[in-house]
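Visitor: fold the following and give me the result.
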Amino acid sequence: MSITLFCSGSWVVRGYPVSWPGHSGSARGRSLRAMDHVDRWNILEPDTVAVEFPDGAVTYRELSTLVSRGSGALAGYGVKPGDRVAVWVKNDLPSLVALWAVPRMGAVVVPISSRLSHPQVMAQLDLVDPALILGNEALTGRETVGTESLFDGRPSMPAPHAPDDLHSIFFTSGSAGEPKGVRLTWGNHESSAAASAGRQPVGPDDRWLAVLPLFHVGGFAVTYRMFRAGGTVVLETEFDAMRVATALDSVSYASLVPTMLREVLVERVGGFEGDTR
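Guide: Okay, here's the model as predicted:
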């Protein structure tokens, strides 16, 4: 088996064209209804595992239902297209559903790191002024809605959106100063996934190990790439070098930052089975 390890920040690809269903030419001034990738694979391969967790898995049929219900629940909370929804993110199923349900109904998702202190969380919330906060009320100090409550919504149709429409706001790490919110469109995410696929093609038989936190754009990008391709995201709740070293024998791809990779290589004293790139 061949395993490809992506070390975050090691390469950047720019200029790949966006392949958008039903789109030709500029999207400015008109609205397109692009089928959500999760919904598409629910139709094509509903029983394929979309996400595998340490304690279970969900198929594309199950994930599509949860995301659709999540969008319906958000509408029930009064969220409207264009609103910003902050999500206190962990590497778990409720957070993953929220990250996909918010944009699906036309709102803008703002992932908030579960590792931040109360003042840091408050500073980011003040910057984005969200219409709704999903997650940890004790940490945010504001009224919030439990992320798991999204599972109880009514199934809903996806909202129209175009490549230039705002999809999400991801915060930088702040290593060079205060964290900054980076606005990303639907087209940004799509072209990023297309660029990745142009270098390393992925399909329904592939499995991508997701160790990076989902509140980081690198972690979310893994889910977008694989849901776009109909593959399986192998989601780890937290980084453990031994677990990752073992998991590498059962996945096609893995995304790691340099410090993670060094720890994993220490654990893999016996080397990798097959070819490693």
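Visitor: for the rest of this, base every contact and every neighbour count on C-alpha atoms.
Guide: OK.
Visitor: what about the helices in this structure?
Guide: Here the chain has its helices, by DSSP state H, at 37-44, 60-76, 93-104, 118-128, 137-140, 186-199, 217-229, 241-247, 258-267.
Visitor: of all the ones you listed, which one comes closest to A50?
Guide: Nearest to A50, of all the helices of the chain, is helix 60-76, at 5.1 Å by Cα to Cα.
Visitor: by contact count, what packs against that closest one?
Guide: If contacts are counted by 3 or more Cα pairs under 8 Å, 6 or more residues apart in numbering; DSSP states H and E, helix 60-76 sits against helix 37-44, strand 49-53, helix 93-104.
Visitor: tell me what angle the longest one forms with helix 186-199.
Guide: Yep, that's helix 93-104 we're talking about. If you take axes from the mean of the first three to the mean of the last three Cα atoms, to 10 degrees, helix 93-104 sits at 120 degrees to helix 186-199.
Visitor: could I get the helices of the chain as JSON lines with mean pLDDT and distance to T147?
Guide: Formatted as JSON lines, the helices of the chain follow (pLDDT from 0 to 100; distance: least, Cα to Cα, whole Å):
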{"stretch": "helix 37-44", "mean pLDDT": "95", "distance to T147": "19"}
{"stretch": "helix 60-76", "mean pLDDT": "97", "distance to T147": "9"}
{"stretch": "helix 93-104", "mean pLDDT": "97", "distance to T147": "6"}
{"stretch": "helix 118-128", "mean pLDDT": "91", "distance to T147": "17"}
{"stretch": "helix 137-140", "mean pLDDT": "64", "distance to T147": "11"}
{"stretch": "helix 186-199", "mean pLDDT": "94", "distance to T147": "23"}
{"stretch": "helix 217-229", "mean pLDDT": "97", "distance to T147": "17"}
{"stretch": "helix 241-247", "mean pLDDT": "93", "distance to T147": "27"}
{"stretch": "helix 258-267", "mean pLDDT": "90", "distance to T147": "28"}
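Visitor: which of the helices and strands packed on helix 60-76 sits most buried?
Guide: Each of the helices and strands packed on helix 60-76 was scored by mean neighbour count; the highest is helix 93-104, a mean of 25, by mean count of other Cα atoms under 10 Å.
Visitor: by contact count, what packs against that one?
Guide: If you count contacts as 3+ Cα pairs under 8 Å, 6+ apart, helix 93-104 packs onto helix 60-76, strand 84-89, strand 108-113.
Visitor: dump the ones you listed to CSV, plus mean neighbour count and distance to H161.
Guide: Below are the helices and strands packed on helix 93-104 laid out as CSV (neighbours: other Cα atoms under 10 Å; distance: least, Cα to Cα, whole Å):
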stretch, mean neighbour count, distance to H161
helix 60-76, 24, 14
strand 84-89, 27, 15
strand 108-113, 26, 11
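Visitor: among these, which is nearest G198?
Guide: If we rank the helices and strands packed on helix 93-104 by Cα to Cα, the stretch that ends up nearest is helix 60-76, at 23.8 Å.
Visitor: nearest residue to M242 in space, ignoring adjacent ones along the chain?
Guide: Using Cα to Cα, 6 or more residues apart in numbering and skipping the chain neighbours, the partner closest in space to M242 is E267 (6.1 Å).
Visitor: can you count the residues close to that neighbour?
Guide: Neighbours of E267 under the rule other Cα atoms under 10 Å: 16.
Visitor: how about S173?
Guide: Number of residues near S173 (other Cα under 10 Å) recorded here: 13.
Visitor: what's the answer for P54, then?
Guide: 9.
Visitor: again, but for T259
Guide: The criterion is other Cα under 10 Å. On that basis, T259 has 9 neighbouring residues.
Visitor: mind checking how far it is from L209?
Guide: Going from T259 to L209 by Cα to Cα, to the nearest Å gives 16 Å.
Visitor: and what of A131?
Guide: Distance of A131 to L209, given as Cα to Cα: 33 Å.
Visitor: who has more neighbours, those two?
Guide: Between A131 and L209, L209 has the larger neighbour count (other Cα under 10 Å), namely 25 against 16.
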